[in-house]
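Engineer: I need the structure of the sequence given here:
(chains A, B, C and D)
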2 protein chains.
Amino acid sequence: MRVTKRVTIADIAEKAGLSKGAVSYALNGQPGVSESTRQRVLRMALELGWHPNSAAKALSGARSGAFGLVMARSPETLGIEPFFMKLISGMEAAMAASQTALLLQVVADHDTEIATYRRWWAERRVDGVILIDLRRDDRRVAVLEELRLPAIVVGGPGHHGGLPGVWIDDAGVMVVVIEYLAALRHRRIARVAGVAGMLHTELRTQAFDEVSARLGLESTTVTTDYTPDQGAQVTRRLLSSANPPTAIVYDNDVMAVAGVSVAHEMGVDVPGELSIMAWDDSVLCEIVHPPLTAVDRDITAYGRHVAEHLLALLDGQQVTDFESQPPRLVVRGSTARPVNP
Amino acid sequence: MRVTKRVTIADIAEKAGLSKGAVSYALNGQPGVSESTRQRVLRMALELGWHPNSAAKALSGARSGAFGLVMARSPETLGIEPFFMKLISGMEAAMAASQTALLLQVVADHDTEIATYRRWWAERRVDGVILIDLRRDDRRVAVLEELRLPAIVVGGPGHHGGLPGVWIDDAGVMVVVIEYLAALRHRRIARVAGVAGMLHTELRTQAFDEVSARLGLESTTVTTDYTPDQGAQVTRRLLSSANPPTAIVYDNDVMAVAGVSVAHEMGVDVPGELSIMAWDDSVLCEIVHPPLTAVDRDITAYGRHVAEHLLALLDGQQVTDFESQPPRLVVRGSTARPVNP
DNA sequence: CTGAAAGCGCTTACAG
DNA sequence: CTGAAAGCGCTTACAG
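Structural biologist: You can find the predicted model right below:
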């Protein structure tokens, strides 16, 4: 089927001997046409290779048919984590069904991100947005509320104002992780965290502190920018201290791998002298030596839930906060009872 | 500046005491209004927080203001390589200046990708597209030509029909890499390649074969799906052969890291018994032990060039194939003269 | 240099 | 159940 000229409803109307209005009703499942007419119109549309002109559709009051996602990250740290690609691919799975496109913008900071939201709103570019990398007292939330731009926040629980959030229980699995390490007789546990100020970083730290205190562990948290470089440097410092930890929990896989490298470099045996754990399991965790014990989150499902909730929101449904599937602990060779606790 | 109602050119026209047409001319830098009027209109538009309604603009014949990018990859392999995130962030740098958005779609295969192009074309969703993961005799090229959808191909040189390509000279740097390894006295070199059928994989393999033949080396290439899992398996097989290679060149960083792990696991010293090289340098290459010698490509610049060329194409300029900056070899601790060549 | 008007391709009240 | 018409917010010939 060679299509070289765009087909409009006028073409269909002419061919069907109907008015454009009738064709529109038929195509959109609106009342106003008989079932037989509707079927005839739908068949013709398919034959002619008709697709609605998205601009015309959007201009006449319907949706733009697009969601927006702004990533305020530096190009350096963007590629590091597979998280976003998985999230996006999960979202698209849900969006494909409703013919919704994803508009992606990479910016440097929150100011530009907010300017993007204002522009998208004024341009009527998107029907809704996905907010990621939530912080405490996040300015972006108020802007989206002010614009009444439908939005779903990836993260929480809490700190996203009146916007519905879809979240994963990181705090809960942190308790599981630390209790497991404590059961292995670890008494000094360090946490190499992600970016300070991000809500998910803080929620994990808080849970880490609480469970450590409850179990009477010596615990310390260091924040980083997620790069393996900082992961390596922090690990070197931790292992050089007078009383080095016997277990380190990293906030992503590449830092954990960096940690393993530093242990090798310093002659520290993993897991004999040092247990290592990574957040967000990945193929990388499976192939390093030893393979890493990790927290596994179903990020594709997470993305799917996010998109589904935004679609429901646009559908006028009542949307409340939603907890995506809880993470699980995958135990591999990088964690063990310490030789010298 | 609280903006809660969208401003249109009618608002500006009324406030300025002009017709909508005059306002449009003023805003778009068209002749037909005096310079002083233009300035006044521009000032008002800024004050009122006006942005053109993208649907109206697109519908009245102008551009949609969006580029499309389809990624036909499985969710599993999507997150593995930082390549695409870097490419996208480079593209956006160039697109931001011209207020162009990026439409991203993740699909399973070329059929769905082609259907997406046809739909985008019919919907007038995008002004042009970026074609990635080029193959020999790529069906997608003919479809884009048929639709006359402006497109830039990421890859080549060659095999992209009449569409302009932006490429990086992988073959050239492959020669540099192998000559370097040969100069170190390596005689048996293996290559763990990416997906068979991708043009860049084949061009690298071809260059690898040619230079190996010229230098009289024993060379072998194995293709993979880019996952560290396959990287590890292939490495295990190579190192188990009767005459194992003394150097292995990997097509991405995660497979190279997997290779290092397998070497450790099998007690093979890197770089004493085995030299390891990765394509596409990354933070990961820097932090493993030993740090990896790697081919470094400026992917952000690559993305910027791609977007610039698509913008030029839409601008009606004559656009020809373009070679982005050549890669360079970054030598680190994973390559050395072999102990037993 | 400026204004009035048609048109892009849809949707949606409003009559019949 | 169907048709004629207005309108979404722009752009762009066409008169003046």
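Engineer: can you pull out the helices in the stretch 101-250 of chain A?
Structural biologist: Assigned by DSSP state H, counting those that start in this stretch, the stretch 101-250 of chain A shows helices spanning A:110-123, A:139-147, A:170-183, A:199-215, A:228-240.
Engineer: To what extent is A:Thr320 buried, counted in neighbours?
Structural biologist: A:Thr320: 8 surrounding residues under other Cβ atoms under 10 Å in any protein chain shown. (Glycine included, C-beta is placed from N, CA and C.)
Engineer: Does it belong to a helix, a strand or coil?
Structural biologist: Classification of A:Thr320 by DSSP: H, G, I helix; E, B strand; the rest coil places it in coil.
Engineer: same check, this time on A:Gln39
Structural biologist: helix.
Engineer: how far away is it from B:Gln39?
Structural biologist: As judged by Cβ to Cβ, to the nearest Å, A:Gln39 and B:Gln39 stand 57 Å apart.
Engineer: A:Val260 now?
Structural biologist: 62 Å.
Engineer: More neighbours: which of these two?
Structural biologist: Legend: neighbour count by other Cβ under 10 Å for A:Val260 and B:Gln39, higher for A:Val260 (28 against 12).
Engineer: Any idea which helix or strand in chain A has the lowest mean pLDDT?
Structural biologist: helix A:75-78 (a mean of 71; mean pLDDT, DSSP states H and E).
Engineer: Can you name the helix or strand that the residue of chain A found nearest DNA strand D falls in?
Structural biologist: DNA strand D sits closest to A:Gly21 of chain A, with a gap of 2.7 Å, by Cβ to the nearest atom of the strand. Using DSSP states H and E, A:Gly21 sits in helix A:20-27.
Engineer: is that helix anywhere near DNA strand C?
Structural biologist: Yes - using Cβ under 7 Å from any atom of the strand, helix A:20-27 reaches DNA strand C at A:Lys20, A:Gly21, A:Ser24, A:Tyr25, A:Leu27.
Engineer: are any of those buried, and which?
Structural biologist: Buried members of the residues of helix A:20-27 next to DNA strand C, counted by 16 or more other Cβ atoms under 10 Å in any protein chain shown: A:Ser24, A:Tyr25, A:Leu27.
Engineer: Kindly reformat these as CSV and extend each row with pLDDT and distance to B:Tyr250.
Structural biologist: Shown next, in CSV, are these (pLDDT from 0 to 100; distance: Cβ to Cβ, whole Å):
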residue, pLDDT, distance to B:Tyr250
A:Ser24, 87, 55
A:Tyr25, 87, 58
A:Leu27, 87, 51
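Engineer: Pipe the residues you listed into a markdown table and attach distance to A:Met277 per row.
Structural biologist: Listed next are these as a markdown table, based on distance: Cβ to Cβ, whole Å:
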| residue | distance to A:Met277 |
| --- | --- |
| A:Ser24 | 57 |
| A:Tyr25 | 59 |
| A:Leu27 | 54 |
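Engineer: Okay, and the beta partners of the residue lying closest to A:Leu69 once chain neighbours are set aside?
Structural biologist: Closest residue in space to A:Leu69, ignoring its immediate chain neighbours: A:Ile130 at 4.8 Å, by Cβ to Cβ, 6 or more residues apart in numbering or on different chains. Bridge pairing for A:Ile130 (DSSP bridges) gives the partners A:Leu69, A:Ile152.
Engineer: Hmm, A:Leu329 is touching A:Ile178, no?
Structural biologist: No - counting by Cβ atoms under 8 Å, A:Leu329 does not reach A:Ile178; the two are 10.7 Å apart.
Engineer: Tell me which of these two has more neighbours.
Structural biologist: Neighbour tally, A:Leu329 and A:Ile178, criterion other Cβ under 10 Å: the higher count belongs to A:Ile178, 26 against 15.
Engineer: that older thread, show me the contacts for the residue of chain A closest to DNA strand D.
Structural biologist: Contacts for A:Gly21 (Cβ atoms under 8 Å, 6 or more residues apart in numbering or on different chains) come out as A:Gly32.
Engineer: Show me the domain layout of chain A.
Structural biologist: A:9-51, A:66-168+A:300-323, A:170-296 (automatic domain parsing).
Engineer: What residues are bridge-paired with A:Tyr250?
Structural biologist: A:Val192, A:Ala278.
Engineer: Let me know the distance separating it from B:Ser64.
Structural biologist: 43 Å.
Engineer: Looking at the two, which one has more neighbours?
Structural biologist: A:Tyr250 (31 against 24).
Engineer: Count the residues that sit near A:Asp157.
Structural biologist: In this structure residue A:157 is Pro, not Asp. A:Pro157 - counted by other Cβ under 10 Å - has 17 other residues nearby.
Engineer: ok, the nearest residue to it once chain neighbours are set aside to DNA strand C distance?
Structural biologist: Nearest residue to A:Pro157 in three dimensions, chain neighbours excluded: A:Trp167, at 5.3 Å (Cβ to Cβ, 6+ apart). Distance of A:Trp167 to DNA strand C, given as Cβ to the nearest atom of the strand, to the nearest Å: 33 Å.
Engineer: A:Leu104 now?
Structural biologist: 25 Å.
Engineer: Local confidence estimate at that residue?
Structural biologist: Each residue has a pLDDT score; the one for A:Leu104 is 94.
Engineer: same check, this time on the one 5 residues further on
Structural biologist: Predicted confidence (pLDDT) for A:Asp109: 93.
Engineer: Please report phi then psi for the residue lying closest to it once chain neighbours are set aside.
Structural biologist: Leaving aside its chain neighbours, A:Asp109 sits nearest to A:Ala72 (5.7 Å; criterion: Cβ to Cβ, 6+ apart). Dihedral pair for A:Ala72: phi -100, psi 80, per degrees, to the nearest 10.
Engineer: How many residues are close by A:Ala72?
Structural biologist: 18.
Engineer: roughly how far apart are the residue nearest the centre of chain A and B:Glu265?
Structural biologist: Most central in chain A under Cα atoms, centre = their mean is A:Leu87, positioned 4.5 Å from the mean C-alpha point. As judged by Cβ to Cβ, A:Leu87 and B:Glu265 stand 33 Å apart.
Engineer: likewise A:Glu273?
Structural biologist: 19 Å.
Engineer: same check, this time on A:Asp138
Structural biologist: 45 Å.
Engineer: Nearest residue to A:Ile276 in space, please, no chain neighbours.
Structural biologist: Nearest to A:Ile276 is A:Ser334, by Cβ to Cβ, 6+ apart, at 4.4 Å.
Engineer: hmm, who's touching stretch A:288-297?
Structural biologist: By Cβ under 8 Å, 6+ apart, stretch A:288-297 touches A:168, A:173, A:177, A:253, A:256-257, A:260, A:270-271, A:275-282, A:285-286, A:325, A:327-335, B:257-258, B:261-262, B:264-265.
Engineer: Distance of the residue nearest to A:Asp109 relative to A:Leu181?
Structural biologist: 34 Å.
Engineer: got the residues of the stretch 51-200 of chain A near DNA strand D?
Structural biologist: A:Ala56, A:Leu59, A:Ser60, A:Gly61.
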